[in-house]
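Student: Here is my input; please provide its structure:
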Amino acid sequence: NLNLNNSGGAIGCSGNASPMIFDNNFSYNQAGQGGALFVDGGESSISENNFIENSANVGGALYLKSFGSDEISENEFLHNSSTDMGGAIFLDSSSLIIDSGNFIENFSSHGGAVSVQNSDSISFQGIKGIGNEANASASGNGGFLYQGLNSISAKFVNCILSGNRANRYGGVVRASAKLTFTNCTIVGNESLDAGGVVILFEGDSLNLENSILWNNHSLWGNEIAVYSGSASAHYSLFDPAESEGVINGTENISVDPLFVDQDGLDGILGTSDDDFQLQASSPAINIGSNGFTDYPSHDILGKSRSGKPDLGAYEFWVNSPPEIISGSTVSLSENQTDVIKVLALDNEGESLTFSIMDGLDGSLFSIDEFTGSLSFVSPPDFEQALDLDENGEYQLTIGVSDGTSISEQLLRVSPYDVDEAPTIDQINNTLKI
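Tutor: I've put the predicted structure just below:
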């Protein structure tokens, strides 16, 4: 769709309109403001959508003004662009939480992924921002986020920020006022002038909490450039020698975080295949603090944090196999198909799948792989048992997987006899009791 002189290449709404925009694909739309969506007022719900290669002068995919909803969630933004501000999203006169989802290779002059103005707060929770660029002009600022006029506060919690780039200031953020990173992994970002991650000017402040800064680059201040303003870091991993200006704080370390594979299969840092999970020997394990205001009790994958948390967006876990907690023997009346709902627990909270592994009589059963509900394919008959050893006890092995490990349980199922009305076999002239 093409709407270059107006707002909202696909959808435009204002006033009290409150559309629910859920599970859609918006691709190749163009407009002056909001390449795919323009929303002015109302309480729209925007979740689980894909925004791909939309473009505008401002807000390549979304332009949100006086936005009545406080959150959008689980949206994917890929290759959207704007000539001015907000390659994926432009937010004006609103506060917003952006929960989950990915921002991949969006670009603009200011705010390769997101640009905001006249806002009390914008918060990113559990998002990945990979390869976004403020490159549409030589003075591009904020490879991922540009905090514009009257932007008071920005927070990142449980976020991965890598491969973002600005032609001038702030490879990740061109800050304004208050900026906080909590349990974030910030790696391989770049600005061509100052502040590989962020540059601070008068009135700006940065708080770094439980976070990792590594391998970011710029001409002045590879990590943080404090021109004026203030910066503090607590329980974080970064090398002060890679920053400019004073950074106050305690309990910080400055050694290699030992990621699983920071370059990924393509051997290029800052692309989508990089794995910033921690190796078992990482110095970033178990040295964080749970005392921060925005401390997340789960990591970016939903794994729980306990005790002293790890630094960065990922919590290190040694995977333990799931445990089947339902019984290993079942007694049920003949002629019914439902057997048991197999129950299992996983310490890491992974999604579980169920299967019939083998066993003497496994072929006589079926199981729902998601719910664990086990049933006979055909109702069992006590008088005519079909189990392999013909003793009326059916044996099969149940498996449950967390995607990494499989646990098994031998299950014994014993149908018992029930009173049945006699039937007459008229062909053979027999009576069955």
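Student: beta partners of L96?
Tutor: When bridges are called by DSSP bridges, L96 pairs up with I122.
Student: Can you give me the neighbour number for it?
Tutor: By other CB atoms under 10 Å, 21 other residues sit near L96. Every C-beta, even on glycine, is put in place using the N, C-alpha and C of the backbone.
Student: who does the longest strand seen in the chain pair up with?
Tutor: Secondary structure of the chain per DSSP state E: the longest strand is strand 406-416. Next to strand 406-416 in the sheet, as set by DSSP bridges, lie strand 329-333 (parallel), strand 394-401 (antiparallel).
Student: how many neighbours does the closest residue to I325 other than its chain neighbours have?
Tutor: Excluding the flanking residues, the one nearest I325 by CB to CB, 6 or more residues apart in numbering is L343, at 5.1 Å. The number of residues packed near L343 is 14, by other CB under 10 Å.
Student: Show me what stretch 16-32 is in contact with.
Tutor: 1-13, 35-39, 41-58, 61, 68 (CB atoms under 8 Å, 6 or more residues apart in numbering).
Student: Which ones among these lie within strands?
Tutor: Judged by DSSP E, strands contain the following of those: 2-7, 11-13, 37-39, 45-47, 50-52, 55-58.
Student: Just the buried ones from those?
Tutor: Buried members of those, scored by 16 or more other CB atoms under 10 Å, are 3, 7, 11-13, 37-39, 46-47, 50-52, 55-58.
Student: picking that back up, can you give me the distance of the residue nearest to I325 to E244?
Tutor: Taking CB to CB, to the nearest Å as the measure, L343 falls 56 Å from E244.
Student: How about N57?
Tutor: Distance from N57 to E244, by CB to CB: 34 Å.
Student: Skipping adjacent residues, who's closest to G270 in space?
Tutor: In space, and not counting its chain neighbours, G270 is closest to G163: 2.3 Å by CB to CB, 6+ apart.
Student: Contacts only, for that neighbour.
Tutor: Applying CB under 8 Å, 6+ apart, we find G163 in contact with I130, G131, N132, G188, N189, L269, G270, T271, D274.
Student: One more pass at 6 Å, please.
Tutor: Contact analysis of G163 by CB atoms under 6 Å, 6 or more residues apart in numbering lists I130, G131, G188, G270.
Student: ok, so of those residues, who is nearest Q409?
Tutor: I130 (41.1 Å; CB to CB).
Student: so the closest one sits right up against I104, yeah?
Tutor: Yes - here I130 reaches I104: they are 5.2 Å apart, a contact under CB atoms under 6 Å.
Student: more crowded one of the two?
Tutor: Ranked by neighbour count (other CB under 10 Å), I130 and I104 place I130 first, with 24 against 20.
Student: Who does the more buried one form a beta bridge with?
Tutor: I104, S162.
Student: how near is it to E348?
Tutor: 25 Å.
Student: Which stretches in the stretch 151-300 of the chain count as strands?
Tutor: For the stretch 151-300 of the chain, strands defined by DSSP state E, counting those that start in this stretch occupy the ranges 153-157, 160-162, 165-166, 173-174, 178-182, 185-187, 190-191, 198-200, 205-209, 212-214, 224-226, 230-234, 259-261, 275-278.
Student: closest to E251 out of the ones you listed?
Tutor: With CB to CB as the criterion, E251 lies closest to strand 230-234 of the strands of the stretch 151-300 of the chain, at 6.1 Å.
Student: Which of the residues in the closest one are classified as buried?
Tutor: If you call a residue buried by 16+ other CB under 10 Å, then strand 230-234 has these buried ones: A231, S232, A233, H234.
Student: Any stretches of the stretch 301-433 of the chain with poor pLDDT?
Tutor: Residue ranges of the stretch 301-433 of the chain with pLDDT under 70: 420-433.
Student: One more pass at 90, please.
Tutor: Regions of the stretch 301-433 of the chain meeting the criterion pLDDT under 90 cover residues 302-304, 306-307, 317-320, 346-351, 358-360, 383-385, 388-390, 403-404, 417-433.
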